[in-house]
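J.: Please work out how this folds:
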Amino acid sequence: DPGFIDHVVNKKAEVVRVYLPPDANTLLSVADHCLRSRQYVNVIVAGKQPALQYLTMDQAIVHTTKGIGIWDWAGTEGEGEPDVVMGCAGDVPTMETLAAVDLLRDLLPDLSVRVVNVVDLMRLQDEREHPHGLSGADFDSLFTRDKPVIFAYHGYPWLIHRLTYKRTNHDNFH
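T.: Here you go, the predicted structure:
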C-alpha cells in the first residue's frame, strides 16, 4: 500500500525514517542499521522476490550510510553535468531505471545520463525539514540545478514532489 509511506512521512521528522534498499546487500545493511537504532520508527520497503545484486557488501554499507548517491557505473555521464538525471528509490524502480538507461545508451549514445539511487527517502527533504535531509548544495550536486529529473518510485508521485518542493530544481522533477 503506497499510502502507508505517505502516512508515516506525515509523522514527526525527528522519529520517522523510510528506507527503500535497491538490492539484497543494501537491505542487509539497512536492516542492521535499523535493528541497532532506538527511538525511531523505521520503515523498510523491500520486495519478497529474488532480486538482482548491484552492490558488494562494502559498497552497500557505504551507500546505506550516505542514504543517496550517484551510481557512476550505471550512467553514461562523462565530465560536466548530465543532460538528464534518472533517480530511483526501491528495488523494482531501480531495476526499471537501469533498464531505461540501457535503452538510452543504445538509442541515444550521445545523451549524458546520471543515475541517482535513493535508499533513505528522507534525504530528499531539506536539512531544515528532516535530520536526514540534504543541504541545498548537496541536493543540487546530485540532481543539478536545471536538468530534467525522471524519478522512478512505486508510491504516490506527490510524495516525491512534497519532499523536493523547496528544491531549486523541483519544477524539473517528473
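
J.: Quick check: residue 54 vs residue 28, distance?
T.: Distance check for residue 54 against residue 28: by Cβ to Cβ, to the nearest Å, it reads 13 Å. Any C-beta I mention is one placed from the backbone N, CA and C, and that applies to glycine too.

J.: How many residues are close by residue 137?
T.: Residue 137 has 9 neighbouring residues, counting by other Cβ atoms under 10 Å.

J.: Also the one 4 residues further on?
T.: Residue neighbour count, defined by other Cβ under 10 Å, stands at 12 for residue 141.

J.: by contact count, what packs against the helix or strand hosting it?
T.: Using DSSP states H and E, residue 141 falls within helix 136-143. The elements that helix 136-143 packs onto, with contact taken as 3 or more Cβ pairs under 8 Å, 6 or more residues apart in numbering; DSSP states H and E, are strand 68-70, strand 84-89.

J.: right, and these - which one's nearest residue 95?
T.: Checking the helices and strands packed on helix 136-143 against residue 95 by Cβ to Cβ gives strand 84-89 as the closest, at 8.6 Å.

J.: Return the distance of the helix or strand following the closest one from the chain's centre.
T.: Counting by DSSP H and E, the next helix or strand C-terminal to strand 84-89 is helix 91-107. On the basis of Cα atoms, centre = their mean, to the nearest Å, helix 91-107 is displaced by 15 Å from the centre of the chain it belongs to.

J.: Could you give the number of residues near the residue nearest to residue 93 when sequence neighbours are not counted?
T.: The shortest distance from residue 93 to any non-neighbouring residue, by Cβ to Cβ, 6 or more residues apart in numbering, is to residue 152 (3.6 Å). By the measure other Cβ under 10 Å, the count of residues near residue 152 is 20.

J.: who's more crowded, residue 54 and residue 28?
T.: residue 54 (21 against 15).

J.: secondary structure class for the more buried one?
T.: With DSSP: H, G, I helix; E, B strand; the rest coil as the basis, residue 54 sits in coil.

J.: From residue 122, how far out is it?
T.: Separation of residue 54 from residue 122 (Cβ to Cβ): 22 Å.

J.: I'm done for today, thanks for sticking with me.
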